[in-house]
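Enquirer: coords below, sequence missing:
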């Protein structure tokens, strides 16, 4: 794949063949060397073939091989003349991360880490062979969740108004159409509200170990040495089935709109088509389920803290800093080359990263910019960053979403053969509990890029700036 | 045509092999016949999620897939099986497959999932269409499937 260097941290795939725009990849020189023969670059070029795409098919530095879109891919398409692609959102619709701060110092829980890990492991189900916190919801109840999102959690005692204010879109996409989700998808989600899932999903208790931007850290109320919580999960089976259902519908309808694409997993139809409108309504409904899911889990985590540490809500001061989604398509207004466009931004493994002053941000955060939550692997660290004006100019307000895998799962399992990762992590000060055997070996720290390198690329590019670093103390895996 | 197996089923490695996909799981299957290919794929999906040796073949579940084209048939069969695990909590040790021009009949032998007894390897979110292949080759039939995990 031919690549041209545009600047220190930006590379371009020139527009050729069926591509409607060039591809652009944010990466260091070292990262790009590793990527040269990776199928992910071909996927960047494939995404550039989508009708209505504006500017570039973008990839963030955590790019890796996905299906259809690369993970870390961003595509903004014209909201009137462009297409919507379920593959540009992914199976786990509104997979995302939330960050909670506490006023507890890490030193206060050091002697109780194992007990807290056990309590969290018991309280937060993985979702297979177990019920969520809210067992057996009916289809009507699930439709209410899919319509109201985190507002359902508020109405049912699992959230505060402040939590919703600190959630992207207030935890509810109002164009959700609960009737556009199949009963089949509801059946898959019926027992899963308040469950973590497996794969790369996790719950992490960490401490704030470094501050890079004191003013922003103060605004976010992140104190050095304090305990913070990261929850990474999505829309569970309800979202997975919704994506699958619409890949079939949209894959079958594409030809009637004269759309031909190089990968079936990229299947797309015009936004302004009955299939397109239906998918967008269903996607938003699944996204709402995901926000409610993360909100319910946050409530369970707070309960586990209160019960195990025998502290009070006031002392604990458990408060949501922000919740971001990183698998979604959103309608936004962006300026590109001096022209304003209303676009549908597909973010597949990419986080919205709006700069300070954006009216979409809650008032408390508007002066500093949107928090961007970038988890690393379970042995090293995660970062909190904020969106910068460069994101609005260059990436349709988007940044990276994590470290990005560099090692496949087979290689990771081979690398872990004969080793005890749980014991190794314990020696590094990280207590791990996992519901599945595979969850541990495949998620070994070496399977991921160093997230510090990923975050640095985004900072060099002027897209996001680091605010704080978190070091894991407890990791719960599905 | 029918492909069947008894409890003396071969090891996973004789039925399918995993191939490297950076973020997800890829499986490749070779079989002498198309129905055996589908049978091995059904077993492979179960084995990716739960260690087969820990599963008893004490109950049967019957499924019917109506898709005509091989790609759709493979996708739909595996998606239905995934459903069986996620919605009904059924895990299987082996399978039989009978195919005709218009449908695929699958019989699974297994039991209800018990997290205390079964070795759970991880959840599969979906059967992707990405590079999904079902085709004859010089030694029989070949399938290539990427599972989103």
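Expert: Arrived safely. Small disclaimer: the values here were computed from a predicted structure and weren't measured.
Enquirer: low-confidence stretches in chain B?
Expert: Across chain B, the ranges flagged by pLDDT under 70 are B:1-10.
Enquirer: what residues does it have near chain A?
Expert: Residues of chain B that fall close to chain A, judged by CB under 8 Å from any CB of the partner chain: B:18-25, B:79, B:83, B:85-87, B:89, B:113-115, B:118-123, B:125-132, B:146, B:148-149. Any C-beta I mention is one placed from the backbone N, CA and C, and that applies to glycine too.
Enquirer: just the closest residue of chain B to chain A, please.
Expert: Here the residue of chain B nearest chain A is residue B:130; by CB to the nearest CB that distance is 3.2 Å.
Enquirer: OK, contacts around the nearest residue to that residue once chain neighbours are set aside?
Expert: Nearest residue to residue B:130, sequence neighbours excluded (CB to CB, 6 or more residues apart in numbering or on different chains): residue A:67, at 3.2 Å. Listed by CB atoms under 8 Å, 6 or more residues apart in numbering or on different chains, the contact partners of residue A:67 are A:87, A:263, A:265, B:24, B:128, B:129, B:130, B:131, B:146, B:148.
Enquirer: now for the residue nearest to residue B:44 when sequence neighbours are not counted, how many residues are close by?
Expert: Distances taken as CB to CB, 6+ apart put residue B:16 closest to residue B:44, at 4.0 Å, once the chain neighbours are dropped. Counted with other CB atoms under 10 Å in any protein chain shown, residues neighbouring residue B:16 total 22.
Enquirer: please report the distance of residue A:298 from residue A:318.
Expert: Going from residue A:298 to residue A:318 by CB to CB, to the nearest Å gives 8 Å.
Enquirer: tell me, what's touching those two both at once?
Expert: Taking CB under 8 Å, 6+ apart as the criterion, residue A:298 and residue A:318 both touch A:100, A:229.
Enquirer: partners of the helix or strand hosting residue B:98, with directions?
Expert: Using DSSP states H and E, residue B:98 maps to strand B:90-99. Paired neighbours of strand B:90-99 in the sheet (DSSP bridges): strand B:2-3 (antiparallel), strand B:104-112 (antiparallel).
Enquirer: where does the residue in the stretch 301-450 of chain A positioned nearest to chain B land on pLDDT?
Expert: With CB to the nearest CB, the shortest gap between the stretch 301-450 of chain A and chain B falls at residue A:408, namely 3.7 Å. pLDDT recorded at residue A:408 is 83.
Enquirer: phi, psi for the residue sitting furthest away from the middle of chain B please.
Expert: Computed with CA atoms, centre = their mean, the residue of chain B farthest from its C-alpha average is residue B:116, at 23.3 Å. Per-residue torsions, residue B:116: phi -80, psi -20 (degrees, to the nearest 10).
Enquirer: and it, how far from residue A:433?
Expert: In terms of CB to CB, residue B:116 sits 15 Å off from residue A:433.
Enquirer: and residue A:160, by the same measure?
Expert: Separation of residue A:160 from residue A:433 (CB to CB): 28 Å.
Enquirer: pull out the buried members of the residues of chain B next to chain A.
Expert: Neighbour counting with 16 or more other CB atoms under 10 Å in any protein chain shown marks B:18, B:21-25, B:79, B:83, B:85-87, B:89, B:113, B:115, B:118, B:120-123, B:125-130, B:132, B:146, B:148-149 as buried within the residues of chain B next to chain A.
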